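>>> I would like the atomic coordinates for the input below:
(2 chains)
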Amino acid sequence: MHMTMSQKILAAHAGRKSVTAGELIMADLDLVLGNDITAPVAINEYRKAGACGVFDCQKIALVMDHFTPNKDIKAAEQTKQVREFADEKKIPNFFDVGDVGIEHVLLPEKGLVVTGDLVIGADSHTCTYGALGAFSTGVGSTDMAVGMAYGKAWFKVPTAMKFNLHGKLSKWVSGKDVILHIIGKIGVDGALYKSMEFAGDGVASLTMDDRLCICNMAIEAGAKNGIFPVDESTLRFVAEHSKRKPVVYSADADAEYDSVMDIDLSEVHSTVAFPHLPSNTRTFDQMPETRIDQVVIGSCTNGRLSDLQVAAKILKGHKVHHRVRTLIIPATQKIYLEAMKQGLLEIFINAGCAVSTPTCGPCLGGHMGILAKGERALSTTNRNFVGRMGHPESEVYLSSPEVAAASALTGVITDPATL
Amino acid sequence: MKILGNVIRYGDNVDTDVIIPARYLNSSDPKELASHCMEDLDKTFVTRVKKGDIMVGGQNFGCGSSREHAPIAIKESGISCVVAKSFARIFYRNAINTGLPIVEFSGEIEEGDQLEIDFEKGVLKNVTRKTEGTFPPFPTFLQKIIEAGGLFKAMETLA
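The predicted structure follows:
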């Protein structure tokens, strides 16, 4: 049949035996996601079109994570609008302050996405769920509005790039380094309109958190989606989080790929993306001494429990550099609570870090850690565009939580292996 | 449809954070969004843009966030069409779904050039430089969305 894993999921959801790359199809959705920034625009479109019903109130998720707890009056008005919509449409999966988490960490945790699903979200990092063997992709608010009303979306069937992973990651190297390494190689439009399909014997050695982090940043290479093959780790994760039955798809043995790249995981080094593109990557052998003013550890990319655990391991018993404002943001309430039980929060606070309730806040320059002119942040988030975290003349450097924690201690971007 | 307009030109990888910075996304009002359009890349844009102007970019125009606020801000600012060598995929579908005309075109275009774009024929004429080139028309499926005036209206026939 020559289909990639992504094409198979699309075909099944379009009620077709097969699809071919380049075809435009209409497919049935398992979940439609929006947040406090994109849902208001979607609701405006929905109302303007005179729509009144939703296709399935169980299959819509509204996550108030970006500017919450509401950063100002306008943000408060936006969440109010979404809250009222959720009430009106009786949408149970509305997450607000108190039970909200960062959407792409929250939905897998709540079991709202399982293996084999087709998911759209009005947020570009919706591609995260490919780690579960689902096809998920970011769309705009009009797509979200139509998705809520009809349960459908249009797709151009993508071609795919295959990434064969071999070996095992070294100490202090994690999923973030793998995806930064790849984006550095192929560029911010290296996978434009395409699927990034991961494969190879190295997949088994990657944790689910690594895989979620890698798929999360597929969009930073321009990809439509990132996707991992389903193995025991995937099925265990899904079974632990959801009662829904996973549907396992795999690429045909003769699937066609635009390109195949082999990556030896043991050769991936700690990698930092310099301003102002995620593709502007450097390893420590190519890095000038770079002073920083702020460190952020959190986000849909690296706000998971394992990220906090590794940061705590590095920070334990030390103080962060006096110049470095260090923000730690557990991505969900469950992670926050677990970090508390494991004593991680105590380690962070004793080290001089600020610990925040879950929010996307600083990642997009919303609130909770905005940069002044000329300031530099090292962040475990996913974008370092001009002005992303504050003043247009501030700078954002992207790294793993390992590098971020090590750098918080020294005040310059630091290889954790050298501590 | 045929349009005639003057070019405001930017480079490669124009991202949605510079098209409309996230700090203004606490509003979904098109006028308010347009008043901050391109602010972090080009502070002069909002004062010099004239109704009917054409925005030109290089590769990967509209990369980054899925915010539909980006095409909304560009459209509301008076821009009649965005021409780029390539578009980031979410921006591409947002433009189609919201009715902002876009053209994929690789020919040479400079700031201030006057362009005439014939969407039916797929011809882009650079009036200033007296050159012209073609661009592929949208597939029928996308034409239907554009002709219906956006995705919601088109769904009556597409769903």
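>>> roughly how far apart are residue A:295 and residue A:328?
Relative to residue A:328, residue A:295 is positioned 9 Å away (Cβ to Cβ, to the nearest Å). In this view, the C-beta of every residue, glycine as well, is placed from N, C-alpha and C.
>>> And for residue A:21?
When distance is defined by Cβ to Cβ, residue A:21 is 43 Å away from residue A:328.
>>> Which one's more surrounded, these two?
For residue A:21 against residue A:328, the residue with the higher neighbour count under other Cβ atoms under 10 Å in any protein chain shown is residue A:328, and the figures read 31 against 19.
>>> which parts of the stretch 101-250 of chain A sit against chain B?
Applying Cβ under 8 Å from any Cβ of the partner chain, we find that the stretch 101-250 of chain A lies next to chain B at A:121-124, A:126, A:138-143, A:145-146, A:149-150, A:152, A:154, A:188-189, A:192-193, A:219, A:222, A:224.
>>> List buried residues within those.
A:121-124, A:126, A:138-143, A:145-146, A:149-150, A:152, A:154, A:188-189, A:192-193, A:219, A:222, A:224 (16 or more other Cβ atoms under 10 Å in any protein chain shown).
>>> residue ranges with poor pLDDT in chain B?
Across chain B, residues meeting the criterion (pLDDT under 70) sit at B:159.
>>> quick one: the helices in it?
B:16-19, B:30-34, B:45-48, B:69-76, B:89-98, B:140-148, B:151-158 (DSSP state H).
>>> could those go into JSON lines alongside mean neighbour count and distance to residue A:7?
Output for the helices of chain B, formatted as JSON lines (neighbours: other Cβ atoms under 10 Å in any protein chain shown; distance: least, Cβ to Cβ, whole Å):
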{"stretch": "helix B:16-19", "mean neighbour count": "27", "distance to residue A:7": "28"}
{"stretch": "helix B:30-34", "mean neighbour count": "17", "distance to residue A:7": "36"}
{"stretch": "helix B:45-48", "mean neighbour count": "13", "distance to residue A:7": "40"}
{"stretch": "helix B:69-76", "mean neighbour count": "26", "distance to residue A:7": "28"}
{"stretch": "helix B:89-98", "mean neighbour count": "26", "distance to residue A:7": "16"}
{"stretch": "helix B:140-148", "mean neighbour count": "16", "distance to residue A:7": "17"}
{"stretch": "helix B:151-158", "mean neighbour count": "18", "distance to residue A:7": "21"}
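>>> which residues sit against stretch A:34-52?
Here stretch A:34-52 makes contact (Cβ atoms under 8 Å, 6 or more residues apart in numbering or on different chains) with A:60-68, A:75, A:78-79, A:81-82, A:85, A:103, A:121-123, A:140-142, A:144-145, A:148-149, A:360, B:22, B:25-26, B:28, B:66-69, B:72, B:152-153.
>>> Please give me every residue in contact with the residue nearest the centre of chain B.
Among the residues of chain B, the smallest C-alpha distance to the mean C-alpha position (Cα atoms, centre = their mean) belongs to residue B:82, namely 2.8 Å. Contacts of residue B:82 were listed using Cβ under 8 Å, 6+ apart, and they are B:54-57, B:61, B:74, B:95, B:100-103.
>>> repeat that for 7 Å
In this structure, residue B:82 makes contact with B:55, B:57, B:61, B:74, B:95, B:100, B:102, judged by Cβ atoms under 7 Å, 6 or more residues apart in numbering or on different chains.
>>> Show me which of those is closest to residue A:30.
For these, the residue nearest residue A:30 by Cβ to Cβ is residue B:95; the value is 26.2 Å.
>>> Which residue, other than its chain neighbours, is closest to residue 25?
Since you didn't name a chain, this refers to chain A. With Cβ to Cβ, 6 or more residues apart in numbering or on different chains as the criterion, residue A:25 has its nearest non-adjacent residue at 4.5 Å, and that residue is residue A:14.
>>> Oops, wrong one, chain B.
Leaving out its chain neighbours, the residue that sits closest to residue B:25 by Cβ to Cβ, 6+ apart is residue A:37, at 4.7 Å.
>>> And residue A:246, by the same measure?
Leaving aside its sequence neighbours, residue A:246 is closest to residue A:115 (3.4 Å, by Cβ to Cβ, 6+ apart).
>>> which other residues reach the longest strand anywhere in chain B?
Longest strand of chain B, by residue count under DSSP state E: strand B:2-9. When contacts are taken as Cβ under 7 Å, 6+ apart, the neighbours of strand B:2-9 outside the stretch itself are B:45, B:49, B:52-56, B:80-81, B:109-118.
>>> So that I can see them in ChimeraX, could you write out a selection of the buried residues among these?
Here is the ChimeraX command that selects only those of the contacts of strand B:2-9 that count as buried (16+ other Cβ under 10 Å):
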select /B:45,49,53,54,55,56,80,81,109,113,115,117
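>>> looking at it, the residue nearest to residue A:25 is touching residue A:29, isn't it?
No - between residue A:14 and residue A:29 there is no contact under Cβ atoms under 7 Å: 11.0 Å.
>>> And the residue with the largest distance to the centre of chain A, which helix or strand is it part of?
The outermost residue of chain A, judged by C-alpha distance from the chain's mean C-alpha position using Cα atoms, centre = their mean, is residue A:50 at 33.0 Å. Take DSSP states H and E as the rule and residue A:50 turns out to sit in neither a helix nor a strand.
>>> Show the pLDDT at it.
Here, the pLDDT recorded for residue A:50 equals 94.
>>> Reformat the helices of chain B as JSON lines; add distance to residue A:182.
Supplementary listing: the helices of chain B in JSON lines, determined by distance: least, Cβ to Cβ, whole Å:
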{"stretch": "helix B:16-19", "distance to residue A:182": "22"}
{"stretch": "helix B:30-34", "distance to residue A:182": "33"}
{"stretch": "helix B:45-48", "distance to residue A:182": "34"}
{"stretch": "helix B:69-76", "distance to residue A:182": "26"}
{"stretch": "helix B:89-98", "distance to residue A:182": "18"}
{"stretch": "helix B:140-148", "distance to residue A:182": "30"}
{"stretch": "helix B:151-158", "distance to residue A:182": "32"}
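>>> Reformat those as a markdown table; add distance to chain A.
As requested, the helices of chain B are exported to a markdown table (distance: least, Cβ to the nearest Cβ, whole Å):
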| stretch | distance to chain A |
| --- | --- |
| helix B:16-19 | 4 |
| helix B:30-34 | 9 |
| helix B:45-48 | 13 |
| helix B:69-76 | 7 |
| helix B:89-98 | 4 |
| helix B:140-148 | 4 |
| helix B:151-158 | 4 |
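>>> The helix ranked longest in chain A close to chain B?
Selection of the longest helix in chain A by residue count, based on DSSP H, yields helix A:73-88. Yes - using Cβ under 7 Å from any Cβ of the partner chain, helix A:73-88 reaches chain B at A:74-75, A:78.
>>> Kindly indicate the member of these with the most neighbours.
In terms of neighbours by other Cβ under 10 Å, the residues of helix A:73-88 next to chain B top out with residue A:78 at 26 neighbours.
>>> my read: it touches residue B:69, true?
No - under the criterion of Cβ under 7 Å, residue A:78 is not in contact with residue B:69, lying 11.7 Å apart.
>>> Identify the residues contacting the helix or strand where residue A:179 lies?
Taking DSSP H and E as the definition, one finds residue A:179 inside helix A:175-186. Counting by Cβ under 7 Å, 6+ apart, the neighbours of helix A:175-186 from elsewhere in the structure are A:163, A:206, A:209-211, A:213-214, A:217, A:220-221, A:265, A:268-271, A:273, A:278-279, A:281, A:301-302, A:380, A:398-400.
>>> quick one: contacts of stretch B:151-159?
Under the contact criterion Cβ under 7 Å, 6+ apart, stretch B:151-159 has outside partners A:26, A:45, A:49, A:142-143, A:145-146, A:150, A:152, B:97, B:144-145, B:148.
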